[in-house]
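K.L.:
Predicted structure and sequence below. I'll ask about it afterward.
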Amino acid sequence: MTELVVELRDVTVAQEGRAVLEQVTFALEKSEFAYLIGRTGAGKSSLLKTLYADLPLQMGTGTVAGFDLSQLPDRKVPYLRRKLGIVFQDFQLLSDRTVAENLLFVLNATGWRGKARKQQRITDVLTQVGLGGIGGRMPHRLSGGEQQRVVIARALLNEPLPLLADEPTGNLDPEVSAGIMELFAQINFAGTAVLMATHNFQLIDRYPHRVLTCKDGHLLDSARAN
């Protein structure tokens, strides 16, 4: 039985009251990797925001990590986001806290209990992204690639079903970007679905996967291409 972690049917994606994508239908299976591409303003970020309930579902039906987006009250949104990993281009790390304190903030906010358990989880995710031992450093002392790895570690804290990444290599040079892609490949191989918005076609050529294209108000799916 196929396990779907994202499923949208005939969805309208709107930003500031204007429909940017219509009749969006696609599903993402557990352990699947897909790219989300399209010109600036084509709807990539708006689609991702709809998936993590930053934008309300306008029309159609949608399920993400078992949550029905069309029936999701505001008080349930944090519970949905605990099942997601979200990676942003601009890091959004707390500059006045160490790496470990940044991760601890998320664990506290999402209901983790037990000091030793939380410390072990922080150690585990930093090791997973290749940054074991840097928990005491401040974000500004890290390179861009290291900061992005911390962001990915933060996204992995609650063992997400899908990982949503919005231009995660947009501010990184090609060599560092390749390292981030290798990390995403490892995460995906371990069983986490990945949906990654990107403009980097070199990465798509080097690491080929299914491609979802936002174009002319619609979502084109390479998995359905003839």
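P.N.:
Nice, I can see it. Numbering: from 1, shown residues only.
K.L.:
Only C-alpha atoms from now on, for both contacts and neighbour counts.
P.N.:
Fine.
K.L.:
Using just helix, strand and coil, how would you label residue 11?
P.N.:
strand (DSSP: H, G, I helix; E, B strand; the rest coil).
K.L.:
Now it: closest residue in space, sequence neighbours ignored.
P.N.:
Nearest non-adjacent residue to residue 11, counting by C-alpha to C-alpha, 6 or more residues apart in numbering: residue 60, 4.2 Å away.
K.L.:
same thing with residue 177?
P.N.:
Here the residue nearest residue 177, using C-alpha to C-alpha, 6+ apart, is residue 169, at 5.3 Å.
K.L.:
and the residue nearest to residue 11, what element?
P.N.:
Per DSSP states H and E, residue 60 falls inside strand 59-64.
K.L.:
still on that earlier bit, these two touch, right, the residue nearest to residue 177 and residue 88?
P.N.:
No. Counting by C-alpha atoms under 8 Å, residue 169 does not reach residue 88; the two are 9.4 Å apart.
K.L.:
Give the other helices and strands that the lengthiest helix in the chain contacts.
P.N.:
Criterion DSSP state H: the longest helix present in the chain is helix 174-189. Packing partners of helix 174-189 (3 or more C-alpha pairs under 8 Å, 6 or more residues apart in numbering; DSSP states H and E): helix 144-156.
K.L.:
circling back: quick one: pLDDT of the residue nearest to residue 11?
P.N.:
Listed pLDDT for residue 60 reads 94.
K.L.:
and residue 35, how many neighbours?
P.N.:
A count of nearby residues for residue 35, using other C-alpha atoms under 10 Å, gives 20.
K.L.:
show me what contacts it?
P.N.:
195-198, 204, 209-212 (C-alpha atoms under 8 Å, 6 or more residues apart in numbering).
K.L.:
That one: helix or strand, and which one exactly?
P.N.:
Counting by DSSP H and E, residue 35 is part of strand 33-37.
K.L.:
Over to residue 127?
P.N.:
helix 115-128.
K.L.:
what's next to that helix, contact-wise?
P.N.:
By C-alpha under 8 Å, 6+ apart, helix 115-128 touches 100, 103-104, 107, 112, 132-133, 135, 150, 153-154, 156-157.
K.L.:
what about 6 Å?
P.N.:
The contact list for helix 115-128, computed with C-alpha atoms under 6 Å, 6 or more residues apart in numbering, reads 132, 153.
K.L.:
in that helix, what counts as buried?
P.N.:
Buried residues in helix 115-128, counted by 16 or more other C-alpha atoms under 10 Å: 118, 121-126, 128.
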